[in-house]
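Engineer: here are the coordinates; sequence isn't available:
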Ligand SMILES: NC(=O)c1ccc[n+]([C@@H]2O[C@H](COP(=O)([O-])OP(=O)(O)OC[C@H]3O[C@@H](n4cnc5c(N)ncnc54)[C@H](O)[C@@H]3O)[C@@H](O)[C@H]2O)c1
Ligand SMILES: O=C(O)[C@H](O)COP(=O)(O)O
């Protein structure tokens, strides 16, 4: 490598400073030379060195240019400071800066920053996409991040040949065809409890708001109507809250409600440990009949779709209230609207709807609009700064661990596996059909090559097996190629 005497010098021992102002030759010399392994390169702009040129050099050395330089633009700064720093990435099986991450629906910046620090390429969009748009995008995406709106169907995944993993930056995963993802060897991760507290607090606020008709009083006063009434307004102390689905959110709501002096009963298909003085009841009907307020916290499933319809509303106490912050299709909204109009149900708070707009600013209609004592919110149960930041961190961590190490802990549709990788070995990941004979074939490849295996773990579910092997670097690519060829293989990757 040629170095100019007058080139500016900054950086520590493992940095390389490059470019004598005015001399284009050194750029070429640098790209061609075989330098000692530096951690970063400092670039100094000279009259005809473009950013693209620097970026190409960086790429040739498995590096990316510090994005602050891109943002800076404008005239070149004083030559005493580098115009750009290119951090060189360690040699990896697949260049990290070629991993494409698509983040939809306003996913938190905490996640964006974590992917950036891995040097992944990131594309973001504020809303969900249409299926056709998603199919197009997924052609070259490795990691997809969504929230509750973006439906990811089996069809959409067909063209997603490079897709490694999906992150649902929320609790619900019903928007993804989990089985189709599983069959394609794509684990789906979520954040099972990072927004639990936010939803629980919203529900408690709504219990009080409904009991005091706060939504209506506020709207009247906004219109200039002073209506001071006590009739039909109640304290919540001593009233009974019925919780349907006593999981993370339901049980948290139960704890908070009891602190406010409510009696709490719950119904769940699973046996659950009651918190505090909360108590379980045996049937949904029993719960509905015993409650002044009913709040729903079940996931969407065949069993919970329209689990509250006309029949169930008839079981509710006259003058009771319904809260739904679970999924829109859990409640038959037309039946609820009838119950409210007839006055059997005294009020409702609804955060989720069978069909929701893909983006903010799209119009929205529901049969509940205009009804008395009905609080409508646009699916904001988990929309707090705290929850979104925590979800961003949690799901990005799972995705990064999967991309870098093959760890599937926490995946909702995949065999779970996590173990440390020895830095001296290469790791091979093989997702395969769970049929007899796979391990026999894998082991025959290994014994034919006379390979020393440092670790081999295979975990399965009813459809697929997930095999992780750490082995000798010298033969890893050969083993990977042979595994790829097995007719049972769905996805095979090598990691180092
Ligand atoms: N409005 C929002 O912004 C928002 C935010 C977070 C979660 N959610 C929704 O809330 C749901 C619940 O969240 P969670 O974290 O409490 O989930 P969870 O899995 O911890 O709890 C769900 C509970 O429902 C029970 N259940 C399942 N089917 C049932 C049935 N048929 N009858 C009675 N109980 C049943 C389960 O046994 C479990 O205890 C999520 O699946 C999601 O759809 C909405
Ligand atoms: O499943 C969830 O966590 C909630 O429904 C929140 O979804 P969101 O992230 O789209 O608001």
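Structural biologist: Done, it's in. Worth saying up front: this structure is predicted, and the values here are computed from it rather than measured. Residues are numbered from 1 along each chain as shown. Ligands and ions are numbered 1, 2, ... in the order given.

Engineer: which SSE is residue 349 in?
Structural biologist: Using DSSP states H and E, residue 349 falls within strand 345-350.

Engineer: Which strands or helices does the helix or strand following that strand pack on?
Structural biologist: Once the chain leaves strand 345-350, the next helix or strand it forms, by DSSP H and E, is strand 374-376. Strand 374-376 is packed against helix 196-211, strand 345-350, with contacts defined by 3 or more Cβ pairs under 8 Å, 6 or more residues apart in numbering; DSSP states H and E. No exception for glycine: its C-beta is placed from N, CA and C like everyone else's.

Engineer: which of those sits most buried?
Structural biologist: strand 345-350 (a mean of 24; mean count of other Cβ atoms under 10 Å).

Engineer: give the contact list for whichever residue of the chain sits closest to ligand 1.
Structural biologist: Residue nearest to ligand 1 within the chain: residue 247 (1.8 Å; Cβ to the nearest ligand atom). Contact analysis of residue 247 by Cβ atoms under 8 Å, 6 or more residues apart in numbering lists 268, 272, 297.

Engineer: Nearest to ligand 2, out of these: which one, please.
Structural biologist: Of the contacts of residue 247, the one sitting nearest to ligand 2 (Cβ to the nearest ligand atom) turns out to be residue 297, at 11.2 Å.

Engineer: what about the closest one, neighbour count?
Structural biologist: Residue 297: 28 surrounding residues under other Cβ atoms under 10 Å.

Engineer: my guess is it meets residue 252, correct?
Structural biologist: No. Here residue 297 lies out of contact with residue 252, judged by Cβ atoms under 8 Å, at a distance of 9.1 Å.

Engineer: Common neighbours of the two, please.
Structural biologist: residue 199.

Engineer: Run a quick neighbour tally on residue 125.
Structural biologist: When neighbours are counted by other Cβ under 10 Å, residue 125 registers 16.

Engineer: That one: what's it in contact with?
Structural biologist: Neighbour list for residue 125: 102, 103, 104, 105 [criterion: Cβ under 8 Å, 6+ apart].

Engineer: run the last query once more with 10 Å
Structural biologist: For residue 125, the contact set (Cβ atoms under 10 Å, 6 or more residues apart in numbering) comprises 102, 103, 104, 105, 106, 107, 133, 137, 150, 359.

Engineer: got it, and residue 487?
Structural biologist: 432, 433, 435, 438, 441.

Engineer: bridging residues for the first one?
Structural biologist: In this entry, residue 432 is beta-bridged to residue 465, residue 489, by DSSP bridges.

Engineer: measure it to residue 458 for me?
Structural biologist: Per Cβ to Cβ, to the nearest Å, residue 432 is found 9 Å from residue 458.

Engineer: rewinding a little: any of the contacts of residue 487 buried? List them.
Structural biologist: Listed as buried from the contacts of residue 487 are 432, 438, 441; burial here means 16 or more other Cβ atoms under 10 Å.

Engineer: wait, the first one sits on residue 485?
Structural biologist: When you say that, I think you mean residue 432. No. With contact defined as Cβ atoms under 10 Å, residue 432 does not count as touching residue 485 (12.0 Å).

Engineer: Which pLDDT does the model give the closest residue to residue 252 other than its chain neighbours?
Structural biologist: Of all residues beyond its chain neighbours, the one nearest residue 252 is residue 200 (4.0 Å), with distances taken as Cβ to Cβ, 6 or more residues apart in numbering. Note on residue 200: pLDDT of 98.

Engineer: now the closest residue to ligand 2 within the stretch 301-450 of the chain, nearest residue through space, not along the chain?
Structural biologist: Closest residue of the stretch 301-450 of the chain to ligand 2, Cβ to the nearest ligand atom: residue 382 (3.8 Å). Counting by Cβ to Cβ, 6+ apart, residue 382 lies nearest to residue 195, which is 3.2 Å off, once chain neighbours are set aside.

Engineer: Can you tell me how far that neighbour is from ligand 2?
Structural biologist: 5 Å (Cβ to the nearest ligand atom, to the nearest Å).

Engineer: near ligand 1, which residues of this protein show up?
Structural biologist: 171-172, 195-196, 199, 244-250, 267-270, 297-301, 303-304, 325-327, 351-352, 379, 381-382 (Cβ under 6 Å from any ligand atom).
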